[in-house]
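J.: Sequence and predicted structure, then a few things I'm wondering about:
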Amino acid sequence: MLMDTNTKPRCAVLGYGSWATAIVKTLTVNHHHVDWLVLNDEIRESLKMRSRNPKYLPWCYIDQEFMTPSNDINAVVRDADIVILAMPSAFFKKFLEPLTESLADKIVVSAVKGIIPGDYLTIVEHMNRYYDIPMENLAVVTGPSHAEEVGQCQLSYLTVASESKETAERVREVLANDFFRCSVSNDVLGVEAAAIMKNIYALAVGMAVGLRYGDNFLAVLIANCAAEMQRFLDEAVPTEGRDINAAAYMGDLLVTCYSPLSRNRRLGTLLGKGCSVKSALNEMTMVAEGYYAAECIRRSSMRRNIEMPIADMVWEVLYNNASARDAMLSLTKILK
């Protein structure tokens with residue numbers, strides 16, 4: 001295997017937003033040393049001096065004894081056994097561009113929950129194809145997990161998925177504690193796709209909220225989102241034994257669609273209230289992954305001839321200048 005299972009693995013986290021900060025908090029609570037790639041000078045200095053990220057989860061204290069922030073990606077990953085990718089997908093290539101150290105002998109974990117714009121590849125697919133990392137060394141961590149709650153050590157249930165059970169278990173052992181509960185799965189591409197798609201559906205729900213549709217309609221809309229997601233997964237990444245009601249699929253969908261903490265729901269709400277796509281994106285303080293996911297899933301579903309009216313509606317609003325009001329009204333006529 002990649003590491004001595006009798007030693008405490010050293011971890012690297014790439015990214016310094018809310019989710020990366022929450023993951024580092026979890027790892028340090030577990031007394032794992034984290035080499036942390038932080039490209040922003042202000043954030044990096046604040047972490048060194050005050051043990052806090054001033055821009056993302058600024059109330060979250062992170063023990064300096066267990067973390068070393070750096071702006072050198074090669075120094076960060078060099079001694080790591082487990083590398084966790086936690087940057088927005090839009091900046092994924094920029095983060096990895098200076099990388100010269102090999103990742104082939106490490107466990108690489110995607111916590112991105114997004115698609116790489118332009119490539120239309122998931123993070124796992126990209127790392128396997130362009131960085132020669134075998135699938136058994138790749139994992140995904142996903143599930144209903146707002147960074148704000150994880151950073152406060154509130155109870156959350158995550159899933160670690162990998163084609164290798166041993167890899168999934170090693171990652172679970174590093175992350176799991178009393179507030180960060182982890183299960184394992186071998187449906188790595190399925191849970192990764194679900195994590196991408198739920199952001200599109202949160203956009204749809206946000207639009208309905210902005211348009212002042214009521215709870216009755218929202219329940220029907222989300223039920224149809226779940227059915228549509230299952231239809232896509234069954235066609236695009238089929239596997240035996242997948243339970244769509246598990247936390248990694250349904251749980252993540254529900255929390256992202258219903259919670260006011262959801263940035264994708266917030267973007268959709270702005271669109272529903274009449275903001276243009278450009279102005280709504282400019283108003284967002286954090287990246288809404290659903291914007292990029294909508295284009296990818298649209299291409300994938302059309303290539304496979306999968307019927308996806310909700311995801312198509314979101315794409316029409318984001319990329320084809322459709323009115324959110326008119327698009328939602330048309331959707332109401334075909335939902336069941």
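T.: Sure, I can see it. All figures in this text were calculated on a predicted structure; none of them were measured in a lab. Numbers count the residues shown, from 1 in each chain.
J.: just the helices in the stretch 151-300 of the chain please.
T.: Ranges of helices in the stretch 151-300 of the chain, per DSSP state H, counting those that start in this stretch, are 165-175, 188-210, 215-236, 252-258, 263-272, 277-283, 290-304.
J.: and among those, the most buried is which?
T.: Neighbour counts (mean count of other CB atoms under 10 Å) averaged over each of the helices of the stretch 151-300 of the chain peak at helix 188-210, with a mean of 27. Any C-beta I mention is one placed from the backbone N, CA and C, and that applies to glycine too.
J.: ok, back up a step: a markdown table for the helices of the stretch 151-300 of the chain, including distance to residue 112 and mean pLDDT?
T.: Formatted as a markdown table, the helices of the stretch 151-300 of the chain follow (distance: least, CB to CB, whole Å; pLDDT from 0 to 100):
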| stretch | distance to residue 112 | mean pLDDT |
| --- | --- | --- |
| helix 165-175 | 15 | 97 |
| helix 188-210 | 8 | 96 |
| helix 215-236 | 18 | 97 |
| helix 252-258 | 13 | 96 |
| helix 263-272 | 14 | 96 |
| helix 277-283 | 19 | 94 |
| helix 290-304 | 11 | 93 |
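J.: I'd like the ones you listed as TSV, with distance to residue 52 appended.
T.: As requested, the helices of the stretch 151-300 of the chain are exported to TSV (distance: least, CB to CB, whole Å):
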stretch	distance to residue 52
helix 165-175	21
helix 188-210	28
helix 215-236	36
helix 252-258	26
helix 263-272	21
helix 277-283	25
helix 290-304	29
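J.: what's the closest of the ones you listed to residue 16?
T.: helix 263-272 (16.4 Å; CB to CB).
J.: about what we covered before: right, and the helices of the stretch 151-300 of the chain - which one's nearest residue 328?
T.: Evaluated over these, closeness to residue 328 peaks at helix 188-210, with 5.8 Å, by CB to CB.
J.: Kindly provide the distance from the nearest residue to residue 332 once chain neighbours are set aside to residue 208.
T.: Nearest non-adjacent residue to residue 332, counting by CB to CB, 6 or more residues apart in numbering: residue 217, 7.4 Å away. Distance, residue 217 to residue 208, using CB to CB, to the nearest Å: 6 Å.
J.: How about residue 314?
T.: For residue 314, the distance to residue 208 equals 11 Å [CB to CB].
J.: Need the overlap of contacts for the two.
T.: Residues touching both residue 314 and residue 208 (CB atoms under 8 Å, 6 or more residues apart in numbering): residue 268.
J.: domains in this protein, as residue ranges please.
T.: 11-186, 190-332 (automatic domain parsing).
J.: Any regions of the chain where pLDDT drops low?
T.: Low-confidence segments of the chain (pLDDT under 70): 1-6.
J.: And what about the most centrally placed residue in it, helix, strand or coil?
T.: A centroid search over the chain (CA atoms, centre = their mean) returns residue 113, at 2.0 Å, as the residue closest to the centre. Following DSSP: H, G, I helix; E, B strand; the rest coil, residue 113 is assigned to coil.
J.: quick one: contacts for it?
T.: By CB under 8 Å, 6+ apart, the contact set of residue 113 is 19, 142, 195-196, 199, 289.
J.: try residue 273
T.: Counted by CB under 8 Å, 6+ apart, residue 273 has contacts 210-211.
J.: If we use 6 Å, what do you get?
T.: By CB atoms under 6 Å, 6 or more residues apart in numbering, residue 273 lies in contact with residue 210.
J.: Over to residue 71?
T.: Counting by CB under 6 Å, 6+ apart, residue 71 has contacts residue 39.
J.: again, 7 Å this time
T.: Taking CB atoms under 7 Å, 6 or more residues apart in numbering, we find residue 71 in contact with 38-39, 44.
J.: so where do the strands sit in the protein?
T.: Per DSSP state E, the chain carries strands over the ranges 11-14, 34-37, 67-70, 82-85, 107-110, 115-116, 121-122, 138-142, 156-161, 180-185.
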